[in-house]
Structure formats: structure tokens, C-alpha cells
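Asker: only the shape, not the letters, is given here:
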């Protein structure tokens, strides 16, 4: 088995696509006006409009209602990313770069739908080894 993606459902796909393109610097490939993917070497962030829910046969997800998942991106220098994105993040900042007990330096903020996003850089020898496999 291989974990390949996570999908966010949104009422405003264009706004969310612009946001993720801006914060990651990666272009989202739009397959339809209602579905796109931001592909990284490790995983894909899929973004779908609420209109895609009808394809699953029911109202199975609610946009802008996530209270448990955190979308995480490993970055080379979380402090540099924070300086680059401070104005973009603005009031959506949850936590400025902080070194966590498990060895990652972490920047936590919310996307326009309120989903938590974590940019992190491994900084301890153990964390670096873990991610350099």
C-alpha cells in the first residue's frame, strides 16, 4: 500500500488553488474546473469543489469544517518561509516557527478555508535522519 494523496473539499476552489500555489510555489494542475492537484515528490494535495461530492452519491464532506487534520509540507528553511509568507499568512498565523519536542521546526497557519497547514524543517539529528531515508 502507498499513501498518495489527501483531498480538500471547498466551496471556492479558485481561492484555495491560488493560496496553495502562492504558499508552496508549485502550480496546481487543474483537470476540470472542479478538481486540481498539487503534486510533490512525496504526495499529492488534491483540491475539489463541493460539486465533486455528487459523483460519490451523497453529501459526504463539508467544506471549511476540518478540526482534526493538518496538511504538512517539509521545507528547506521554515524561518525563511515564514519571512516570505508573513504578509500572506497574516491573521491566519497559528504558531510562528517553533522547535517542537520531536525535532522539527514548525510554522503553523490556516488556509482560507480554515484548514491547518504546517511547514516544517527537521532540525535535530534524529529528525533529519528520519526524513532523509
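Answerer: Sure, I can see it. Bear in mind that the values here come from a model prediction, so they are computed numbers and not experimental data.

Asker: residues in contact with the residue lying closest to residue 93 once chain neighbours are set aside?
Answerer: Distance criterion C-beta to C-beta, 6 or more residues apart in numbering; nearest residue to residue 93, sequence neighbours excluded, is residue 109 at 5.1 Å. In this view, the C-beta of every residue, glycine as well, is placed from N, C-alpha and C. Shown here is residue 109, whose contacts under the criterion C-beta atoms under 8 Å, 6 or more residues apart in numbering are 85, 89, 92-95, 116-117.

Asker: and this structure, what are its domains?
Answerer: Each structural domain of the chain that the record assigns through automatic domain parsing is listed here as a residue range: 1-54, 69-133.

Asker: pLDDT on the first one, on average?
Answerer: For domain 1-54, the per-residue pLDDT values average out at 96.

Asker: that older thread, dump the domains of the chain into JSON lines; add distance to residue 62 as well.
Answerer: Compiled in JSON lines, these are given as follows (distance: least, C-beta to C-beta, whole Å):
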{"stretch": "domain 1-54", "distance to residue 62": "8"}
{"stretch": "domain 69-133", "distance to residue 62": "10"}
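
Asker: quick one: which of the ones you listed is nearest residue 63?
Answerer: Minimum separation from residue 63 across these (C-beta to C-beta) falls at domain 1-54, 4.8 Å.
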